[in-house]
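# how does the following fold in three dimensions:
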Amino acid sequence: MLVPWVVIMFGCGIVIYFNIDQEPALWATIVLFAATMLVAVLCRHRPFGFPIAAVAAAIAAGLMTPTLKGVLIAHQALSQPVWNADVAGYVEIREERERSDRITLRVERISAQRLNERLERVRIAVRKGTAPAVGSFVTLKARLSPPLEPLRPGGYDFARDLYFQRIGASGFALDRIRAEQSPQLPTVSLHYAAAVDGIREAIDKRIRAVLPGDGGSIASALITGKRDPISPQVNDAMYISGLGHVLSISGYHMAVVAGVVFFAIRALFALMPAFANKHAIKKWAALAALLVAGFYLLLSGAEVATQRSFIMIGIVLIGVLVDRQTLTYRTISVAALVVLVLAPESVVHPSFQMSFAATLALVAGYQHGLPWMIREGKTQLAARIALWGGREVISLAVASLLAGTATIPFVAYHFHRVSPYGVIANLAAMPIVSAWVMPWGILGVLAMPLGLDSHCWRLMGHGIDWMNAVALWTTTFPGASGRVAGFGAGPLLLSTLGLVILCLLKTPLRLIGVALICGAVAMMARAPKPDLLIAPDGSAMAVRAGDGRLAMINLSKDTFAFREWLAADGDPRSPRDVALADGLKCDEAGCIGKLRDGSLVAFVKRTEAFEEDCRRASLVVSARKIPSDCTALGIGRNDWRFSGAMALRRVNGRFEIEPARPASYDRPWARKLSGSSSLSESGQSVNRPTLDSTPNREDLEVGD
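Numbers count the residues shown, from 1 in each chain. Model prediction:
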């Protein structure tokens, strides 16, 4: 049982890397790892010393791995907006979105005024239907912005995510995209990407020709991984009902594809007694399932979540090939280790956390809590058939309950939602998806070369219609939305520790895990809410009014920050709701809001408003420079430039300020700027230098 704990400690080392303020030196992490490994070798015969030394070495290895990857992928990111850049490069990724398309360019040349960085890749939004094919060499003019920072302290770090994708800027095209002759021969990887995208596009067109609307979008997402636009009503219903996991290819899809192929091939060989008597048809079926799963990985775009799923399924199928038990803690540990070594940044992604939490709970239930799931009954044939049917239904219900319960803390932390009726929706929909939708999808792909696929897509669509109906039906239940206010990482870590202890320990000590989870739930419920939020570019502010809800003001049309703030507050209002400003008194010069303790907060748009607002308000917020003689606490350009987004709480007549980036924060995806914020310990504003420009965030889907 030491292997799972070593892998967990390896992951903890990676978590430490992502939660420190300064980038560690690679040589220091290597020395630390070598020293701890040496101690582990010297203590290998000591019953207590060796596990402790092994755990320390695993943590050191976890700290070293992302540090090494950071050195290997080191690249520059845009530091300030560029308004009119000439960009030329190869299209590596093409994506379709609800309002626009999006491409990722591998930059060959780029030029613009005030551009001091050499960018490797940029992500650019283009007009709907104008995205060029993958592999094309194109030129365009674009407005580029630095990678988006967290929209609130503790929020998702989009810049970190883009850094590990080697994307240095995002933006949108300003004019027509021009295809040109490639200045050099495309690389093998680009040829491969173009070929795979061509296959995906062909399958997508065949599906959409038969299944228009949401049915076609979901069918294409299941087969090709192309997430075409889905109507807001169905999309919201899928996530409220707990069926949203169907929309992105993950472990479930990979398991279904491999499982369908495995059982189909095995049944086919079983119909040939001469072959079945001479060969291990189970191993032949496992090999075929492994090959098909590999093709599905390539076809779906080979995203990190899909790679992780393939590794997990691959280990299981290889276990069948070598006659080893497949569903064990060692299996999930090896899969997690491989993923974390190849993509250490995935440890902070919700898909990784949810996938392995669900799998860990299922393995624990399979091995310890549900022995009847693997015990062969010795009854009469009729009784065994009846038992099989009942056992399968109960097993599906318990598996859905285990997986759904294990992922609740992660869904609540990242998406601020829980699905109270998720078990019901999954029980009603997932058997149809597994036994009807996915098999017809696989047959559709196989039948495409013969031109016989249209009937397969049509039959697949009937199952998708059922799933959509279940999702919409679930949203009619009372309390179905299940909104959860944001909370810090502490309760998430505590609940994760509780889950690990509950699943891995075999003695009554495992009940400690239950106590830890209960404590984490209490911490989540008691998490304090901020009284004031400020966007990372100072263009938006939210004030908690007397009714307890946030009142918001924005200088631009960008509502991305509003959407994040409302979700983290557990507020069901739309980010475009005109009533969001209720509680603020606004005119052309600015806005005034009143906190629950009666103190005033001013949001200044024009300089002439500073004189009065600095005299009346306790806090003055502006995207401009705060005057040096302002007697109120002032947060202006220089403050959010260095600190990013801020959350403020009013405590005993003073403001407690929590920045998204502490003053000492200096990482490759968020470089520390020269100078410092001018907020003093006394809470007063001092003179601040101005910035050259105040950009708007245009690439709103950067984190999708």
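# ok now the longest strand seen in the chain, how far from the chain's centre?
For the chain, the longest strand by residue count, based on DSSP state E, is strand 82-96. Computed by CA atoms, centre = their mean, to the nearest Å, the chain-centroid distance of strand 82-96 equals 23 Å.
# could you do stretch 25-36 as well?
Distance of stretch 25-36 from its chain centroid, counting by CA atoms, centre = their mean, is 30 Å.
# got the buried residues for that stretch?
Going by neighbour count (16 or more other CB atoms under 10 Å), the buried part of stretch 25-36 is Thr29, Leu32, Phe33, Thr36. The way it works is simple: take the backbone N, C-alpha and C, and place the C-beta from them, glycine included.
# mind giving me the packing neighbours of whichever strand or helix holds Tyr239?
Per DSSP states H and E: Tyr239 is located in helix 232-240. Other helices and strands packing on helix 232-240, by 3 or more CB pairs under 8 Å, 6 or more residues apart in numbering; DSSP states H and E, are helix 454-474.
# got the angle for the helix it packs on vs helix 232-240?
On the basis of axes from the mean of the first three to the mean of the last three CA atoms, to 10 degrees, helix 454-474 is oriented at 70 degrees to helix 232-240.
# what's the first helix or strand after helix 454-474?
Immediately after helix 454-474, counting by DSSP H and E, sits helix 489-504.
# against which helices or strands is that following helix packed?
helix 2-18, helix 350-364, helix 381-415, helix 511-525.
# after the helix or strand of the chain with the lowest mean pLDDT, which helix or strand is next? Please name it.
Every helix and strand of the chain was ranked by mean pLDDT, DSSP states H and E. The lowest is helix 381-415, at a mean of 69. Later in the chain than helix 381-415, the nearest helix or strand by DSSP H and E is helix 422-432.
# which residues of the stretch 201-350 of the chain fall in helices?
With DSSP state H, counting those that start in this stretch as the criterion, the stretch 201-350 of the chain has helices at 213-224, 232-240, 251-270, 273-278, 281-299, 304-321, 329-342, 350-364.
# among those, which is nearest Asp582?
Asp582 lies closest, by CB to CB, to one member of these: helix 232-240, at 23.9 Å.
# let me see the mean pLDDT of the closest one.
Mean pLDDT, computed over helix 232-240, is 86.
# let me have the helices and strands packed on helix 489-504 in JSON lines, extended by mean neighbour count and distance to Ala58.
Below are these laid out as JSON lines (neighbours: other CB atoms under 10 Å; distance: least, CB to CB, whole Å):
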{"stretch": "helix 2-18", "mean neighbour count": "19", "distance to Ala58": "4"}
{"stretch": "helix 350-364", "mean neighbour count": "22", "distance to Ala58": "16"}
{"stretch": "helix 381-415", "mean neighbour count": "16", "distance to Ala58": "22"}
{"stretch": "helix 511-525", "mean neighbour count": "16", "distance to Ala58": "21"}
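# Leu222: which of the ones you listed is closest?
Of all these, helix 350-364 sits nearest to Leu222, with 16.4 Å by CB to CB.
# tell me what the closest one is packed against?
helix 251-270, helix 304-321, helix 329-342, helix 381-415, helix 489-504.
# which one, of the ones you listed, ends up nearest to Ile20?
Comparing these by CB to CB, helix 489-504 comes nearest, at 13.5 Å.
# what's in contact with that closest one?
With CB atoms under 8 Å, 6 or more residues apart in numbering as the test, helix 489-504 has contacts from 1, 4-5, 8, 19, 154, 329, 353, 357, 360-361, 363-364, 406, 409-410, 413, 509-517, 519-521, 523-524, 527.
# tell me the contacts of the nearest residue to Arg417 once chain neighbours are set aside?
Nearest in space to Arg417, with sequence neighbours left out and distances taken as CB to CB, 6 or more residues apart in numbering, is Gly482 at 5.4 Å. Neighbour list for Gly482: Ile240, Arg417, Val418, Ser419, Pro420 [criterion: CB under 8 Å, 6+ apart].
# next, format those as CSV and append neighbour count.
Shown next, in CSV, are the contacts of Gly482 (neighbours: other CB atoms under 10 Å):
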residue, neighbour count
Ile240, 25
Arg417, 19
Val418, 18
Ser419, 23
Pro420, 18
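# which one of those residues is nearest Leu190?
Nearest to Leu190 among those, counting by CB to CB, is Arg417 at 38.7 Å.
# my guess is that closest one contacts Ile240, does it?
Yes - judged on CB atoms under 8 Å, Arg417 makes contact with Ile240 at a distance of 7.4 Å.
# now list whatever residues contact both of these two.
Counting by CB under 8 Å, 6+ apart, the residues touching both Arg417 and Ile240 are Ser481, Gly482.
# run through who's touching stretch 245-263.
218, 221-222, 225, 227, 230, 235, 238, 285-286, 288-290, 292-293, 296-297, 300, 303, 305-306, 308-310, 312-313, 317, 351, 355, 358-359, 433-434, 438-439, 442, 467.
# quick check: mean pLDDT of it?
Stretch 245-263 comes out with an average pLDDT of 80.
# ok, stretch 450-464 next?
92.
# so which bits of that stretch are buried?
Buried, per 16+ other CB under 10 Å, within stretch 450-464: Asp453, Ser454, Cys456, Trp457, Leu459, Met460, Gly461, Gly463, Ile464.
# name the helices or strands packed onto the following helix or strand past the longest strand of the chain?
Note on strand 82-96: by DSSP H and E, the next helix or strand toward the C-terminus is strand 101-111. Counting contacts by 3+ CB pairs under 8 Å, 6+ apart, strand 101-111 packs against strand 82-96, strand 121-126.
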